[in-house]
Each structure stands twice: as structure tokens, then as C-alpha cells.
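S.K.: Any chance you can model this:
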Amino acid sequence: MRHYDINKSNQPSDSRSMRTKSENKNSKIRIKKQQTSGSNTLTFENEKKSRNFMTGERFTYKKDNSYIERERERENRRNNWRQKRAVDVEDIDDDEEYYDDEYDVRSWRFRLLKKIIAFLLIIMVVGGSASFIYVKSIINDMPVLTKKMVLESYINKEPVPLSKIPKNLQNAVISIEDERFYSHKGIDYKSLVRSFVNNLTGNMTQGGSTIDMQVSKNLLTSNEKTLKRKIQDMYNATVLNKIMTKNEILEAYLNNIYLGKSTYGVQAGAKLYFGKNVNELNFGQSTMLAGITNNPNLYQNYEQAKKRQAIVLYKMYELGYIKENVYKAQLYRDTPFKSEIDK
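M.R.: The predicted structure follows:
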């Protein structure tokens with residue numbers, strides 16, 4: 001319980017100036033220790049002299065034991081909080097050190113990644129510009145391609161119209177040489193990417209030339225395996241699709257394809273391997289002749305040609321040109337060459 005003793009006295013007229021000088025002055029603390037039976041009890045008195053701010057009268061403020069205990073508990077709590085806060089600050093400093101190190105690593109990686117990306121972009125821009133200039137210079141040196149130029153470049157001087165070439169032979173050649181012939185505009189980009197990946201990762205090389213590009217190679221450019229010739233064939237293939245129909249391009253291909261033993265065109269090939277005109281070929285003979293176009297020096301051998309025929313038949317079945325029963329029946333059916341019959 002708090003006790004207040006207020007000693008009233010008259011204040012002088014200048015009490016306000018005197019009050020400002022005597023405010024907030026603490027009195028002495030008297031601590032008395034009283035001995036009681038069975039225990040020691042500490043009694044505290046804290047007298048604080050101050051002045052009434054309204055009247056200017058002096059009074060003495062006494063603090064009892066319970067107040068002192070509460071003050072001491074508060075002080076202990078404050079000390080404990082300060083100690084805990086000090087430990088937390090140390091932990092925070094350690095964590096900040098750790099996060100700073102981790103941030104430095106991440107920042108270093110991010111800067112390195114930015115440099116790599118910038119370097120690659122520069123290479124792409126420079127390489128793309130150089131490639132464009134190189135391709136442009138090759139195209140500018142090429143003559144203007146016309147349909148007449150293609151017809152005059154025929155190797156086979158006795159071509160046959162596409163209408164006299166069996167449909168099975170046409171479908172077989174398209175299946176094995178250029179399955180998307182009727183859908184692309186001279187360049188099959190999907191086939192080019194696949195061939196590029198296979199050439200990098202596989203043991204065997206694979207071309208991505210379309211029938212249009214092969215017409216260019218057979219009639220307009222050369223057989224040189226150079227980047228320049230490849231660019232020329234790609235450009236010619238796109239131009240062919242502008243000046244000719246797909247059937248005209250296919251006809252030019254079938255009439256000038258090399259089939260071995262100095263033979264060009266499917267008419268001459270039918271005579272060589274089967275002793276008959278191309279329009280007289282049956283289904284099995286058409287698929288055999290279509291398989292030879294890939295490598296005539298190898299597939300002019302009957303056993304090798306028969307293995308190649310199986311691949312041609314499967315592609316035709318896969319693309320929907322023939323039914324499953326036709327595919328399986330022809331696999332086990334003999335289709336002898338003329339040379340085999342003459343033995």
C-alpha cells in the first residue's frame with residue numbers, strides 16, 4: 001500500500017522558477033534490516049521528495065516492499081531479455097555471414113551465366129550474319145532456274161510419262177526416298193534435323209535430301225559432297241516447287257534415277273532387271289526396283305535387293321499404301337531378277 005505525507009506550506013510568488021530547479025531530485029534510500037523469528041526479512045523504504053506541479057507544494061513519496069520487489073523482478077526480466085537478445089544477435093550475425101557467403105556463390109554463378117549467354121548470343125549474331133552473307137553469295141552466282149532448263153538437262157533421252165509408270169512403283173519410291181514428298185515445298189526440315197542428329201550420334205550416315213533436292217543434284221549441280229552444293233540443291237528444290245508441279249518433279253526423278261550398270265530411269269531399269277517395259281511391272285517387281293535406287297552397286301545383287309525390298313514393303317505398309325496381308329504375303333514371295341532367271 002502506498003502512503004503519502006504532504007506537508008503544506010506557503011510558496012513564494014516565483015514558485016515556478018524554483019520548481020524547475022528542484023524537479024526530478026531523488027532522495028536517499030534507507031534500507032533497514034529487521035531480524036524476526038525464524039527468518040530474515042528485508043524492509044525497504046524509498047523516499048522521493050518532489051513538488052506538486054499544480055500547487056508547487058512539496059511532498060514525500062514512499063515505496064513499500066512489494067513495489068521494490070516488482071521493480072527488482074522487472075529489472076531481472078530486462079537483464080534476461082538483454083542477455084537473450086545478445087545471443088540472438090550473435091546467431092543472426094552468424095546466419096547473415098552464411099547467407100552472405102551463399103549469396104556470393106549465387107551471384108558469382110549468375111554473373112558467369114550472364115557472360116556465357118552474352119557470348120553465345122554474340123556468336124549467334126556474328127555466325128548468322130556470316131552464314132547469311134555466304135548463302136547469299138552462292139545464290140547470286142546461280143543462274144535463273146526454269147522448267148525448260150530442267151527438261152534440257154535430262155540424262156535419259158527416252159523418258160516415259162508418269163502415267164505409264166505403275167502407281168505401286170511411284171508409291172514405293174516415295175515411301176522409301178521421301179515420305180513427305182507431297183506435303184513439303186522442296187525441303188523437309190524434319191528429315192534434315194533427324195539426319196543431322198543421326199550423323200552426330202550414330203555410326204552410319206543418313207541424308208536428308210528430298211526427291212526435289214535429288215532432281216537438282218542429278219540434273220543441275222553435281223555429286224560433290226560439299227556445303228556449297230547442298231545449299232544450291234536446297235535453293236533449287238524450292239524454286240522447282242514454284243515452276244513445276246509435284247508430279248512433274250516426280251516424273252523427272254523417275255526418268256533420271258541411276259539404277260546401276262550405266263542405266264538411268266525406271267524404263268531402262270525395268271528392261272535391265274526384269275526384261276520388260278516399266279508399265280508391265282507387277283507389284284513385287286516395282287518394290288524391288290524402288291529399293292535399288294538407294295545403292296545400285298549393292299542392291300543389284302539379288303539377295304541384298306530382297307532384304308531391301310522388305311524395308312520398302314514395311315514403309316509402304318506403315319504409310320498406308322498397302323494392307324497388312326499384302327505386306328506379309330510379298331515378304332515370302334520370290335521376285336527374281338532377269339539375271340537370276342537366265343542362270
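S.K.: Just give the number of residues close to residue 136.
M.R.: 10 (other C-beta atoms under 10 Å). Bear in mind the C-beta positions are built from the backbone N, C-alpha and C, glycine included.
S.K.: Show the average pLDDT along the strand or helix carrying it.
M.R.: Residue 136 belongs to helix 65-140 when elements are defined using DSSP states H and E. What helix 65-140 shows for mean pLDDT is 76.
S.K.: quick one, what contacts residue 338?
M.R.: Residues near residue 338 by C-beta atoms under 8 Å, 6 or more residues apart in numbering: 272-275.
S.K.: Without its sequence neighbours, what residue ends up closest to it?
M.R.: Leaving aside its chain neighbours, residue 338 sits nearest to residue 275 (4.3 Å; criterion: C-beta to C-beta, 6 or more residues apart in numbering).
S.K.: and the one you found, how far is that from residue 290?
M.R.: Per C-beta to C-beta, to the nearest Å, residue 275 is found 18 Å from residue 290.
S.K.: Looking at those two, which is more packed in?
M.R.: residue 290 (29 against 13).
S.K.: Please tell me the pLDDT value assigned to that one.
M.R.: The confidence metric pLDDT takes the value 95 at residue 290.
S.K.: Also residue 36?
M.R.: pLDDT for residue 36: 42.
S.K.: Also the one 5 residues further on?
M.R.: Residue 41 is assigned a predicted lDDT (pLDDT) of 38.
S.K.: Would you enumerate the residues in contact with residue 221?
M.R.: The neighbourhood of residue 221, defined by C-beta under 8 Å, 6+ apart, consists of 229, 232-233, 236.
S.K.: Can you name the helix or strand that it falls in?
M.R.: Here residue 221 sits in a region with no helix or strand, counting by DSSP H and E.
S.K.: now residue 169
M.R.: Using DSSP H and E, residue 169 maps to helix 167-177.
S.K.: So which elements touch that helix?
M.R.: Helix 167-177 makes packing contacts with helix 211-219, helix 246-256, helix 283-292, helix 302-318 when contacts are defined by 3 or more C-beta pairs under 8 Å, 6 or more residues apart in numbering; DSSP states H and E.
S.K.: Give the buried residues for it.
M.R.: Buried residues in helix 167-177, counted by 16 or more other C-beta atoms under 10 Å: 168-177.
S.K.: Tell me how many other residues surround residue 124.
M.R.: Counted with other C-beta under 10 Å, residue 124 comes out at 10.
S.K.: and if you look at the one 5 residues further on?
M.R.: Applying other C-beta under 10 Å, we find 10 other residues in the vicinity of residue 129.
S.K.: before we move on, the earlier item: counting neighbours, which of the contacts of residue 338 end up buried?
M.R.: Buried subset of the contacts of residue 338 (neighbour count, 16+ other C-beta under 10 Å): 272-274.
S.K.: Check the burial of residue 125 by counting its neighbours.
M.R.: 10.
S.K.: just to revisit the earlier point, find the one among the helices and strands packed on helix 167-177 with the highest mean neighbour count.
M.R.: Greatest average neighbour count among these goes to helix 283-292 (a mean of 25), per mean count of other C-beta atoms under 10 Å.
S.K.: ok, then the element right after that one?
M.R.: helix 296-299.
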